[in-house]
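> sequence and predicted model, in that order:
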Amino acid sequence: MSTVTVWHPTGIVNGTVTLPTSKSISNRVLLLNAVSGGKTVLQNLSDATDTVLMQTALKHHQGTIDLQNAGTCYRFLTAYYAATPNTDVVLLGDDRMQMRPIKPLVEALRNLGASINYLQKEGFPPIAIQGKTLNGGHVRIDASVSSQFVSALLLSAPLLQSPLHLLLEAGAASLPYLHLTIGLLKQWGYEVSINQQTITVYQYTATTPSRFTVEPDWSAAAFWYEVMALSKGGTIQLNQLSLQSLQGDKEIANWMQSAGVVSSPNNKGILIQQSTLRDAAQTVFNLVNHPDAAPAMAATAAGLNLPWSLTGLQNLAVKESNRVVALCKELGNCGYTLAGLNENSILQIQQQVPNKGKSNTETLWSHHDHRIAMALAPLSLVNGALTIRNAEAVSKSYPTFWDQLTQVGFEVNQFDE
């Protein structure tokens, strides 16, 4: 386990950042390439832990595979292995993964003919899968827990014997991720149709792309918007980032205008800087479709003493940590109060007396969650030096995060416990 102490000597942040490439896109195109015969050259794949796990797992169709706490990998590979003949695997996960539900996906796959057994608690990992050719046809799924269940089925639909007609029950969480999946299926030449709550995927593809280059990650960009919002000024160039991205988390560029951060596209990507005026009109943000933005948004509101209301947070309980609990605890340790909390919302974020200076800071904990660790670090711009335990959690999506903070002027001291 590693710990970092982070602070910024001036509070004025200038520099250029090369964001990690999107693990959401990387994991989807890796699976699409596998179901399509591996004909596409994939370029600029993410080096995040989740993507490395996905690449490794796709090489194995027998034996025990430990997917740690990689939720995307676990859900996507459950469908892929179930629909791949001559596969016999046991999918393990860490303690947190064993608390993350998978029953809606398993039930939908069983309705298609899959052979999947729970090895411990019903509805949760670990599971054993014996892959075989699955039927297509009509199947229902509760999509309210995670859009990854839906994406898993859609991405493996080309392996089915006939078209998949997937009816989404109870609404779908994180819709932009579902739209991303559908957009990529279409880029791979698969026919996808949407009729009200039913999505149909056909098994044939017109043509697969010869090459595909993965773009930078908008979910990671959220933490640089937070840095700029909490800074005393400066500019950050986010290379190769585009407001035209398929990624739904590009919405952070609009939301952070309420924190005084403006985005200026240029021929290198996007330049972000502070504005003299904040868009104070928006104080309520519904994050139901953008749950990964919640840590950066909550930390920004706390650090700037903005009375924002963040709603639609019900699915944060089943992320790498229970992010609502983690945010309340660690922002509280920084001297902030998150008031009016219920299962769906952080209704108000209010500043109390934040810690100041290097000697009085609390030791914070990432809760083994990459996004919690990255959301806490920029608060050193207003709180003074912060110490964060389990700092290596960032490797899940952003292995170079601590190094890139130093490139824009932060002081980062890292040591092993």
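It's in. What you see is a predicted model, and the numbers here were worked out from it, not measured in a lab. Numbers count the residues shown, from 1 in each chain.
> how near is the residue sitting nearest the centre point of the chain to Ala108?
Against the mean C-alpha coordinate of the chain, by CA atoms, centre = their mean, the closest residue is Asp292 at 5.2 Å. To Ala108, Asp292 is 24 Å away according to CB to CB, to the nearest Å. For the C-beta atoms, the positions are set from N, CA and C on the backbone; glycine is no exception.
> what's the answer for Leu246, then?
For Leu246, the distance to Ala108 - CB to CB - is 25 Å.
> which of the two has more neighbours?
Set Leu246 next to Ala108 and count neighbours by other CB atoms under 10 Å: Ala108 wins out with 23 against 19.
> surely that one is within a helix?
Yes - using DSSP: H, G, I helix; E, B strand; the rest coil, the secondary structure at Ala108 is a helix.
> now do the SS call for the residue nearest to it when sequence neighbours are not counted.
Distances taken as CB to CB, 6 or more residues apart in numbering place Ile141 nearest to Ala108, at 4.4 Å, with adjacent residues excluded. State at Ile141, reduced to three classes by three-state DSSP: strand.
> can you tell me how far Ile141 is from Asn111?
Distance of Ile141 to Asn111, given as CB to CB: 9 Å.
> who has more neighbours, the two?
Between Ile141 and Asn111, counted using other CB under 10 Å, the more crowded position is Ile141 (22 against 15).
> list the contacts of that one.
Taking CB atoms under 8 Å, 6 or more residues apart in numbering, we find Ile141 in contact with 104-105, 107-108, 149-150, 153, 166-169.
> how about these in JSON lines, adding pLDDT?
Putting those into JSON lines (pLDDT from 0 to 100) gives the following:
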{"residue": "Pro104", "pLDDT": "94"}
{"residue": "Leu105", "pLDDT": "96"}
{"residue": "Glu107", "pLDDT": "96"}
{"residue": "Ala108", "pLDDT": "96"}
{"residue": "Phe149", "pLDDT": "94"}
{"residue": "Val150", "pLDDT": "95"}
{"residue": "Leu153", "pLDDT": "97"}
{"residue": "Leu166", "pLDDT": "95"}
{"residue": "Leu167", "pLDDT": "94"}
{"residue": "Leu168", "pLDDT": "93"}
{"residue": "Glu169", "pLDDT": "86"}
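> which of those are buried?
104-105, 107-108, 149-150, 153, 166, 168 (16 or more other CB atoms under 10 Å).
> out of these, which sit inside helices?
104-105, 107-108, 149-150, 153 (DSSP state H).
> pull the most distant pair out of these.
Glu107 and Val150 (13.2 Å; CB to CB).
> and which of the ones in helices among the buried ones among the contacts of Ile141 is nearest Val284?
Distances from Val284 to those, taken by CB to CB, are shortest for Val150, at 27.0 Å.
> skip the chain neighbours and tell me the closest residue to the closest one.
Ala143 (5.0 Å).
> then Ala172?
Ala143 (3.9 Å).
> parallel or antiparallel, list what pairs with whichever helix or strand Phe415 is part of.
Following DSSP states H and E, one finds Phe415 within strand 411-416. With DSSP bridges as the test, strand 411-416 is paired with strand 2-7 (antiparallel).
> can you give me how far the strand it pairs with is from the chain middle?
Relative to its chain's centre, strand 2-7 lies at 23 Å (CA atoms, centre = their mean, to the nearest Å).
> tell me the mean pLDDT over whatever helix or strand comes next after that strand?
Counting by DSSP H and E, the next helix or strand C-terminal to strand 2-7 is strand 15-17. Mean pLDDT, strand 15-17: 97.
> list the buried residues of strand 15-17.
Across strand 15-17, burial judged by 16+ other CB under 10 Å covers 15, 17.
> can you give me the helices in the stretch 201-350 of the chain?
In the stretch 201-350 of the chain, the helices defined using DSSP state H, counting those that start in this stretch lie at 218-230, 252-255, 294-304, 323-333.
> let me redo that: the stretch 1-150 of the chain
Using DSSP H, counting those that start in this stretch, the helices of the stretch 1-150 of the chain run over 23-35, 49-57, 71-82, 103-111, 147-156.
> of all those helices, which one is nearest Tyr398?
Closest among those, using CB to CB: helix 23-35, at 9.0 Å.
> and the strands in the stretch 251-400 of the chain?
Taking DSSP state E, counting those that start in this stretch, the strands of the stretch 251-400 of the chain run over residues 261-266, 269-274, 284-286, 309-311, 336-341, 346-351, 363-365, 386-389.
> next one: the longest strand anywhere in the chain to chain centre, how far?
The single longest strand within the chain, with elements called by DSSP state E, is strand 198-205. Distance of strand 198-205 from the chain centroid (CA atoms, centre = their mean) equals 26 Å.
> quick one: residues in contact with that strand.
Strand 198-205 has contacts (CB under 8 Å, 6+ apart) with 36, 136, 150, 154, 157-168, 182, 185, 188-194.
> can you list the neighbours in contact with stretch 397-413?
Against stretch 397-413 from outside (CB under 8 Å, 6+ apart): 4-10, 12-18, 20, 23, 46-50, 217, 219-220, 223, 227, 236, 370-371, 373-374, 377, 380, 391, 394, 414.
> what comes up buried for it?
Quick answer for stretch 397-413 (16+ other CB under 10 Å): 397-402, 404-405, 408-410, 412.
> dump that stretch to PDB, keeping only the CA atoms.
Extracted in PDB, the C-alpha atoms of stretch 397-413 (Å, rounded to 0.1, in the frame of the first residue of the first chain):
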ATOM      1  CA  SER A 397      -8.000   4.100 -14.500                       C
ATOM      2  CA  TYR A 398      -5.200   6.700 -14.400                       C
ATOM      3  CA  PRO A 399      -1.700   5.100 -13.600                       C
ATOM      4  CA  THR A 400       0.100   8.400 -14.300                       C
ATOM      5  CA  PHE A 401      -2.100  10.700 -12.200                       C
ATOM      6  CA  TRP A 402       0.400  11.500  -9.500                       C
ATOM      7  CA  ASP A 403       3.200  12.100 -12.000                       C
ATOM      8  CA  GLN A 404       1.000  14.400 -14.000                       C
ATOM      9  CA  LEU A 405       0.200  16.400 -10.900                       C
ATOM     10  CA  THR A 406       3.900  17.100 -10.500                       C
ATOM     11  CA  GLN A 407       4.100  18.200 -14.100                       C
ATOM     12  CA  VAL A 408       1.600  21.100 -13.400                       C
ATOM     13  CA  GLY A 409       3.400  22.200 -10.200                       C
ATOM     14  CA  PHE A 410       2.100  20.000  -7.400                       C
ATOM     15  CA  GLU A 411       4.500  18.600  -4.900                       C
ATOM     16  CA  VAL A 412       3.800  14.900  -4.500                       C
ATOM     17  CA  ASN A 413       5.700  12.800  -2.000                       C
END
